[in-house]
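[1] what follows is a predicted structure for the sequence shown.
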Amino acid sequence: MTTKQHYDAIVIGSGQGGKPLAGALAWAGRKTAIIEREHLGGSCVNVGCTPTKTMIASARAAYIDRRSADYGVHNGPITVDMTEVRQRKRDIVNTFRDGVRQGIESTKGLDLLFGEARFTGPKELEVSLNDGETVRLTADSIFINVGARPLDPPIEGLDSVPALDSTSIMELDEVPEHLLVLGGGYVGLEFAQMFCRFGSEVTIVQRGEQLLTREDEDIAGEVAKILREDGIEVLLGTEALGAEQDGDGRVQLTVSTPDGERTLAGSHLLVAIGRPPNTDSLDLDAAGVQADKRGFVEINERLETNVPGVYAIGDAKGGPAFTHISYDDFRIISANLLEDGDATTTGRLVSYTVYIDPQLGRVGMSEREAREEGRDILVAKMPMSHVPRALEMDETRGMMKAVVDADTGQILGCTILGIEGGEIMSMVHIAMMGELHYTALRDAPFAHPTLAESLNKLFATLDG
């Protein structure tokens, strides 16, 4: 490669939107480069979905083993070997990562560069390659797909203690004696329950008055109830004031609770309270690309920045930080640039699953969001203890909830907190995409006994 080269397109970042976009552009005959700082595959493959869900599967195996007597199956005490759990995680991550690399390297017209990119102009980049060389690149189109990273909050003394984040905690070779979790969002809760099942004592510190602030109060309350049943201490309305390490190496976390100041002592501390974008090293100002005060790239409904030919996809643009949203960003770009389409993010139906156990699957509006918009709604609610298949599996924790437009009968949103909640939610997602009346799910002859048939009973509650 020369020290200066022109491309039709450059993709910065190989995450779940960037990799397929680079491939599609190259397959369409556009000379394309994809730039990656370290590991191919983005957050999902390396530090997000793939490794965490792999470890959650190990934690669930421990959970089921411990309660096997509930099913009439008796065994002895179990032990968890974190080095084996970690190696299983590493093996799966490496398999996925290698697959991404093979896909990129086998694509004709696509160059892979490992290094750090920064803008030197609207369509110009300087890339400090990992081998020490520096190259200058220009392109007709540039796509920002740099993702996000764990936040270091401004808490006094935090930089002086061995705090973990969502990446480093997965490299532990031992089960923490007492894990303090700072943050009651999706990431914090998944790790809290995971390590509780591995054998740790766990305390969650949540500044807000409920866990999972995007969810309705009743859903969040049910989640807190489940975690407390598992033996996790959940502190709500509690703010971290300072951290220090004592003479025995334990973390001392001073917190302000509704009942006054308190000091928590833990063997390990996980900080999980936000993910800022990795745009600070891009020098967006040199390109004239606008970003908000947190660093998220500002885009329109077509994922275009204020600079023509420069786009942003995935977590770097803000909004829902989910792998499937990043991939859908790729679909929008591909449709518009390669198929002469007019795809936008307007009205995009957002779904997600939180991999606590039981899962929390959500699509569309919550009850609170619908009421804040002033909509006339019907609300269907049912505990999982009313689901025959859940009873047969002895997995009755949680609840189902749906929000329906009272005038049209259209489903506005649904939350399933229950066994395989993400899979049940996905059925409602499909119904919402097809704009089915809620009675279609109420009356559908779903197979028995399945979890899916619980949708019959959920939507039948609206008839009373």
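    Everything's here; your move. Residues are numbered from 1 along each chain as shown.

[2] list of residues touching stretch 121-130?
    10, 12, 35, 113-120, 134-140, 142, 286-288, 307, 309-310 (Cβ atoms under 8 Å, 6 or more residues apart in numbering). Heads up, the C-betas are built off the backbone N, CA and C, glycines and all.

[3] quick one: contacts for the closest residue in space to T83 that isn't next to it in sequence?
    Distances taken as Cβ to Cβ, 6 or more residues apart in numbering place D173 nearest to T83, at 5.1 Å, with adjacent residues excluded. By Cβ under 8 Å, 6+ apart, D173 lies in contact with M82, T83, R86.

[4] any figure for the gap between the first one and G76?
    For M82, the distance to G76 under the criterion Cβ to Cβ, to the nearest Å works out to 20 Å.

[5] who has more neighbours, those two?
    For M82 versus G76, the count of surrounding residues by other Cβ atoms under 10 Å is larger for M82: 19 against 6.

[6] what about the spatially closest residue to E171 that is not a sequence neighbour, how many neighbours?
    Of all residues not flanking E171 in the chain, R86 sits nearest, at 6.6 Å (Cβ to Cβ, 6+ apart). R86 has 18 neighbours, counted by other Cβ under 10 Å.

[7] scan this structure for its longest helix.
    Counting by DSSP state H, the longest helix found in the chain is helix 82-105.

[8] I'd like the average pLDDT over the helix or strand following that helix.
    Remark: after helix 82-105, the chain's next helix or strand is strand 110-121, criterion DSSP states H and E. The predicted model assigns strand 110-121 a mean pLDDT of 97.

[9] next one: the closest residue to G42 other than its chain neighbours from L40, what distance?
    In space, and not counting its chain neighbours, G42 is closest to G15: 2.5 Å by Cβ to Cβ, 6+ apart. Per Cβ to Cβ, G15 is found 9 Å from L40.

[10] same question for G249.
    When G249 is compared with L40 (using Cβ to Cβ), they lie 36 Å apart.

[11] without its sequence neighbours, what residue ends up closest to the residue nearest the centre of the chain?
    For the chain, the residue sitting closest to the mean C-alpha position, by Cα atoms, centre = their mean, is F322 at 4.9 Å. Excluding the flanking residues, the one nearest F322 by Cβ to Cβ, 6+ apart is Y352, at 5.3 Å.

[12] what does stretch 312-329 contact?
    Residues outside stretch 312-329 that contact it (Cβ under 8 Å, 6+ apart): 13, 15-18, 20-21, 42-44, 48-49, 143-148, 275, 277-279, 292, 294, 296-299, 303, 305, 330, 333, 345, 348, 350-352.

[13] please pick the buried ones from the residues you listed.
    Those of those that meet the buried threshold are 13, 15-18, 20-21, 42-44, 48-49, 143-148, 275, 277-279, 296-297, 299, 303, 305, 330, 333, 345, 350-352, by 16 or more other Cβ atoms under 10 Å.

[14] before we move on, the earlier item: what values do phi and psi take at the residue nearest to G42?
    Dihedral pair for G15: phi -70, psi -170, per degrees, to the nearest 10.

[15] residues touching it, list them.
    By Cβ under 8 Å, 6+ apart, the contact list for G15 reads G41, G42, S43, C44, N145, G147, G314, D315, S326.

[16] and the gap between the residue nearest to T83 and Q87?
    10 Å.

[17] which stretches in the stretch 1-150 of the chain count as strands?
    Here the stretch 1-150 of the chain has its strands, by DSSP state E, counting those that start in this stretch, at 4-12, 32-36, 110-121, 124-129, 134-144.

[18] now the ones you listed as CSV including distance to E392?
    CSV is the format used below for these (distance: least, Cβ to Cβ, whole Å):
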stretch, distance to E392
strand 4-12, 48
strand 32-36, 47
strand 110-121, 50
strand 124-129, 57
strand 134-144, 48
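
[19] E435 is nearest to which of the ones you listed?
    E435 sits nearest to strand 134-144 of all the strands of the stretch 1-150 of the chain, at 32.1 Å, using Cβ to Cβ.

[20] show me what counts as buried in that closest one.
    Buried residues in strand 134-144 (16+ other Cβ under 10 Å): V135, L137, T138, A139, S141, I142, F143, I144.

[21] ok and it relative to strand 124-129, angle-wise?
    Calculated by axes from the mean of the first three to the mean of the last three Cα atoms, to 10 degrees, strand 134-144 forms an angle of 120 degrees with strand 124-129.

[22] ok, now how distant is H178 from R348?
    According to Cβ to Cβ, H178 stands 41 Å off from R348.
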